[in-house]
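# with the sequence up front, the predicted model follows.
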Amino acid sequence: GAAAPLAWSTALALCEGSTWAGQSDWRLPNIRELTTLLDPISNNPTIDSGAFPQTTAGAFWSSSTHPNEASYAHAVRFDEGFSYIDSKANSAQVRCVRDAD
């Protein structure tokens with residue numbers, strides 16, 4: 001199942017420390033990577049549910065810190081299909097990624 005929403009620093013550490021599927025190179029995706037998952041054809045969640053089953057329709061953190069405000073980071077809302085900036089102290093979902101072999 002999906003993890004409970006986490007603060008940004010906890011989300012970052014969770015991905016970087018993950019050894020899921022025997023791999024240890026997981027990371028939190030940057031905002032460009034995360035927005036590529038938005039699917040304008042899908043609705044609530046705005047993601048391809050065939051490729052990403054059981055994705056909740058909510059906010060997901062990216063690893064991208066706001067360039068002018070270090071206490072804020074970029075996130076994506078998969079319920080309404082847009083990116084935004086939020087305080088790192090707030091909670092959002094986590095989707096860890098890793099580079100292809």
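All right, it came through fine.

# tell me how many other residues surround S71.
Neighbourhood size, S71 [other Cβ atoms under 10 Å]: 10. From N, CA and C alone the C-beta is placed, and that goes for glycine too.

# same check, this time on A70
Close neighbours of A70, defined as other Cβ under 10 Å, add up to 9.

# in three-state terms, label it for me.
Per DSSP: H, G, I helix; E, B strand; the rest coil, the local secondary structure of A70 is strand.

# can you show me the strands along this protein?
Per DSSP state E, the chain has strands spanning 6-7, 59-66, 69-77, 82-87, 91-92. These are given in chain order.

# turn these into a markdown table, columns for mean pLDDT and distance to I41.
Shown next, in a markdown table, are these (pLDDT from 0 to 100; distance: least, Cβ to Cβ, whole Å):
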| stretch | mean pLDDT | distance to I41 |
| --- | --- | --- |
| strand 6-7 | 96 | 29 |
| strand 59-66 | 97 | 19 |
| strand 69-77 | 97 | 16 |
| strand 82-87 | 96 | 15 |
| strand 91-92 | 96 | 24 |
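
# how many residues are close by the residue nearest to D86 when sequence neighbours are not counted?
Spatially, and ignoring its direct neighbours in sequence, D86 is nearest to A75 (5.2 Å; Cβ to Cβ, 6 or more residues apart in numbering). Close neighbours of A75, defined as other Cβ under 10 Å, add up to 25.

# give me the beta-bridge partners of A75?
A75 has these beta-bridge partners by DSSP bridges: W61, Y84.
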